[in-house]
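# Could you look at this predicted model? Sequence included:
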Amino acid sequence: MSSVADIPSPHHRHPTWLYVSIIVVLVALAVWGVIAYRGHKQTQQATALAQQLQQSFEQAGLPVFASTDQISGVLGTDGGAVCTDSGKDLTDAFLKLQLSNGAGGPGQRPVLVDSEMLKGGLLIVQTYCPDKLQSYEDFVNKLKTKDVIKQ
Amino acid sequence: MSEAAAAGAPPAVVETSAPAATRPNYISWTAVVMLTVSSVASLRAAPTMAVYGLACVFLYLVPAIVFLLPTSLVSAELASGWSGGVYRWVSEGISPRAGLFAIWNQFAMTIFYYPSLLAYVASTLAYVIDPSLASNGPYTALVIIGVYWLGVLVSSRGMKAIASLASGGVWVGTLIPGTFLVVLCIIFLGQGNASAAPMDASHLLPAWTGIASLVLIVNNFLSYSGMEMNAVHVSDLRNPGKEYPKAMFVAMGLVLAIFILPALAISWVVPAQTLSLTAGVMQAFDSVYAHFGIQWLTPITAIAILCASLGGMLAWLAGPSKGLLMIGKQEGYLPPYFQKLNPQGIQQNILVAQGYVTSVIALLYAFIPDVSSTYWIFSVITTQTYLIMYVLLFITGIQLRRKQPDHPRGYRAPWLWVLCIVGAVSSVLAFAIGFIPPSQFGGGGSAYLAIVGGGVLIVGILIPIALLVFRKPSWKTEPSAMEQA
């Protein structure tokens, strides 16, 4: 007796139009992204802030970047994504989702995180967007942390 | 005769291979590899695990031994002997009712997975277009709802399209950028730069701080959840008995490499404590690219990573819903509306119904702060229910070896009893650990126990019981060959 489980799915022709459409949309998005994404220019202010952050990291006993160029390229003068999103409900919610185990799929679930995971973000906010420091601290202080990272 | 067999369950894979002339349309075993990889692994968690430095290897390897290996090898044996995936195996090994619980808990897990996955897609896209969009409710809702329905539209084109797109997603969004990242990080070290994270022997193991470390290690078992999911497509293979086990072995190697190598590489170059957890992957790439002066690649990488997430979503859309359809038809658990297939043999009505639920959840997530701030709890509840499925799977492995030792199998897992016991104990341990409040929970342990326990009871137990209670014999249908998807 044949059954639902034993026979391969019908209609196995490759829908070429679908593949082409998807490729076109993705290429268009990539082009849009390249145009829209400016990155950060290496200005004097960006370099100064990067040096300040580097020092803060050293003082806090955190690992440091190989160069300040790397920091200024990512954080610029405005702190990049860390500062842009900080203190908003949806961002905090998403952050809570990301404080999780090492799953890259549906097995993602929260864990007890180390305060060190949040320390870097705190220093970035302090350096680049101190006006958001209070709300970031409020968020962090509500989290229970444990020392699970070996120093 | 088993209960399932008596109920008209399908015979074994190896016994029922139809002549090739009547089954011209197969997917390749490499497509199953890619479907499995896209279901389980991605670069998404790499920055989170990079924080642990060299210890991330331990944090992935131990769960691989006690969970990935048992899940993969037991699934390989079962899929090489019985078609249909989890619902069929558990139906044969325990009972059709247990089969319903298994497939329902696999399916239920996806309900809250899509919004969180697509919220990640929205955040990644926002990183290159306009980072402020990441906290914008309408934008997030639009991406979640729009991309989900696009996924339904794409998956309605049939299994071959899903397999091709999921494979493409893994190559474009995981393997190529992951390899590129690792190569760049090796070059970084080769240039004489010191590793940001210590790489000496004393950092091989994570810090031991009792229960918190146990929570971290045991929760990582779930990193490998989903390895069994694509067995539902085993009958789409030309020679399932041999090809599926081969696919599982290759997938295991790839999943391990995808999890471990990029996380380790990031820890060399980027002090992981500096990464925004909301834009972690993109910031990690951005930081590495900044060192090499190639930041223009960041938006291209973002789009590539989106491809991997979307491929993963397609794989999950096609898998558990198909299992639910199969048992729904066979045992009459689903009303006829949900049993309908489109001309391509896809369970479109189940996906559409799930789409309505996903759309409502997306709107609640995007616009109601109380929902979004507690959304992580749903991931706990659904992973807990998923673990029920794993316990049933491992019991089934033992039961089928005991009850049907001579049933033809294309692959026999070595030390099956040991694998099943280790896998079942790991699943129970992960289930127990799931009741320990994580960092996000501000209240007490008993409140958390009540919330998670109540959620598991409703989602994992009461709903499948309702399906059992309200099923109708008239809903049972013997699927036609065309419907057998």
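Good, I have the coordinates. As the structure is a computational prediction, the values presented were derived from the model and not from experiment.
# pLDDT at residue 9, what is it?
Here I'm looking at chain A. Looking at A:S9, its pLDDT reads 53.
# oops, chain B please
For B:A9, pLDDT reads 43.
# How about the one 10 residues further on?
Note on B:P19: pLDDT of 42.
# Next: A:S2.
40.
# With B:L264 instead?
The model's pLDDT for B:L264 equals 95.
# For it, I want the exact helix or strand it lies within.
B:L264 belongs to helix B:240-269 when assigned by DSSP states H and E.
# does any part of the next helix or strand after that helix sit near chain A?
As assigned by DSSP H and E, the chain's next helix or strand after helix B:240-269 is helix B:280-292. Yes - judged by C-beta under 8 Å from any C-beta of the partner chain, helix B:280-292 comes into contact with chain A at B:G280, B:M282, B:Q283, B:D286, B:S287, B:Y289, B:A290, B:H291. The way it works is simple: take the backbone N, C-alpha and C, and place the C-beta from them, glycine included.
# For stretch B:82-95, what does the pLDDT average out to?
Average pLDDT, stretch B:82-95: 91.
# Pretty sure B:L310 is one of the things B:Y114 touches, is it not?
No - if you go by C-beta atoms under 8 Å, B:Y114 and B:L310 don't touch, sitting 11.1 Å apart.
# Residue nearest the middle of chain B, spatially speaking?
B:G226 (3.5 Å; C-alpha atoms, centre = their mean).
# Which of the three states applies to it?
Going by DSSP: H, G, I helix; E, B strand; the rest coil, the secondary structure assigned to B:G226 is coil.
# ranges for the strands of the stretch 251-400 of chain B?
Taking DSSP state E, counting those that start in this stretch, the stretch 251-400 of chain B contains no strands at all.
# give me the low-pLDDT residue ranges for chain A?
A:1-13, A:38-39, A:86-87 (pLDDT under 70).
# Measure how far the top helix by length along it is from the centre of its chain, please.
The longest helix of chain A (DSSP state H) is helix A:16-36. Offset of helix A:16-36 from its chain centre (C-alpha atoms, centre = their mean, to the nearest Å): 23 Å.
# Same question for stretch B:177-188.
With C-alpha atoms, centre = their mean, you get 26 Å for stretch B:177-188.
# Mind checking the pLDDT average for that stretch?
On average, stretch B:177-188 scores 96.
# I would like the residues contacting it, please.
The contact list for stretch B:177-188, computed with C-beta atoms under 8 Å, 6 or more residues apart in numbering or on different chains, reads A:66, B:43, B:258, B:261-262, B:265-266, B:268-269, B:284-285, B:288-289, B:291-292, B:301, B:304-305.
# Please indicate which of these are buried?
A:66, B:43, B:258, B:261-262, B:265-266, B:268-269, B:284-285, B:288-289, B:291, B:301, B:304-305 (16 or more other C-beta atoms under 10 Å in any protein chain shown).
# Just name whatever secondary elements the helix holding B:L264 is in contact with.
When contacts are defined as 3 or more C-beta pairs under 8 Å, 6 or more residues apart in numbering or on different chains; DSSP states H and E, helix B:240-269 packs onto helix B:29-40, helix B:46-50, helix B:55-63, helix B:69-81, helix B:176-190, helix B:280-292.
# how about the first one: buried residues?
I take that to be helix B:29-40. B:W29, B:A31, B:V32, B:V33, B:M34, B:L35, B:T36, B:V37, B:S38, B:S39, B:V40.
# For the spatially closest residue to B:V51 that is not a sequence neighbour, grab the count of nearby residues.
Of all residues not flanking B:V51 in the chain, B:A272 sits nearest, at 4.2 Å (C-beta to C-beta, 6 or more residues apart in numbering or on different chains). Using other C-beta atoms under 10 Å in any protein chain shown, B:A272 has 31 neighbouring residues.
# So for B:A272, what pLDDT did the model give?
70.
# what sits against residue 73?
Answering for chain A, as no chain was given. A:G73 makes contacts with A:G39, A:H40, A:Q42, B:D286, B:S287, B:Y289, B:A290, B:H291, B:Q295, as judged by C-beta under 8 Å, 6+ apart.
# wrong one, I was asking about chain B
B:L73 neighbours (C-beta under 8 Å, 6+ apart): B:M248, B:A413, B:P414, B:L416, B:L419.
# which ones among the residues you listed are found in helices?
Going by DSSP H, the helices hold B:M248, B:L416, B:L419 from the contacts of B:L73.
# Need the worst-confidence member of those residues.
B:M248 (92).
# What is the neighbour count of the closest residue to it other than its chain neighbours?
Nearest residue to B:M248, sequence neighbours excluded (C-beta to C-beta, 6+ apart): B:A76, at 4.3 Å. Neighbour count of B:A76, defined by other C-beta under 10 Å: 26.
# I'd say B:A76 and B:P245 touch.
Yes - with contact defined as C-beta under 8 Å, B:A76 counts as touching B:P245 (3.9 Å).
# Can you work out which residues contact both of those two?
Common neighbours of B:A76 and B:P245 (C-beta under 8 Å, 6+ apart) are B:Y411.
# Check the contacts of A:G73 for burial and list the buried ones.
A:G39, A:H40, B:D286, B:S287, B:Y289, B:A290, B:H291, B:Q295.
# Just list the residues touching the second one, thanks.
Okay, so that is A:H40. Neighbouring residues of A:H40 by C-beta under 8 Å, 6+ apart: A:A46, A:S72, A:G73, A:V74, A:L75, A:G76, A:T77, A:G80.
# give me the number of residues near the fourth one?
The burial metric for A:V74, expressed as a neighbour count using other C-beta under 10 Å, is 33.
# Report the contact partners of it.
Neighbours of A:V74 in contact, by C-beta under 8 Å, 6+ apart: A:H40, A:G80, B:Q283, B:D286, B:S287, B:A290.
# Okay, the residue lying closest to B:A362 once chain neighbours are set aside and chain A: tell me how far apart.
Of all residues not flanking B:A362 in the chain, B:I144 sits nearest, at 3.8 Å (C-beta to C-beta, 6+ apart). Separation of B:I144 from chain A (C-beta to the nearest C-beta, to the nearest Å) stands at 12 Å.
# Low-confidence stretches in the stretch 251-400 of chain B?
B:276-279.
# quick one: secondary structure of the residue lying farthest from the centre of chain B?
Relative to the C-alpha centroid of chain B, counting by C-alpha atoms, centre = their mean, B:G192 is the outermost residue, at 38.8 Å. Secondary structure, three-state DSSP: B:G192 is coil.
# For it, give me phi and psi.
Main-chain torsions, B:G192, degrees, to the nearest 10: phi 100, psi 10.
# quick one: pLDDT of it?
With respect to pLDDT, B:G192 has a value of 91.
# who are the neighbours in contact with B:S135?
A:T84, A:D85, A:K88, A:D89, A:L90, A:T91 are the contacts of B:S135 under C-beta under 8 Å, 6+ apart.
# near chain B, from these?
A:T84, A:D85, A:K88, A:D89, A:L90, A:T91.
# where does B:P115 land on pLDDT?
With respect to pLDDT, B:P115 scores 90.
# How many residues are close by the closest residue to B:V74 other than its chain neighbours?
Closest residue to B:V74 apart from its sequence neighbours, by C-beta to C-beta, 6+ apart: B:G397 at 4.2 Å. Using other C-beta under 10 Å, B:G397 is surrounded by 27 other residues.
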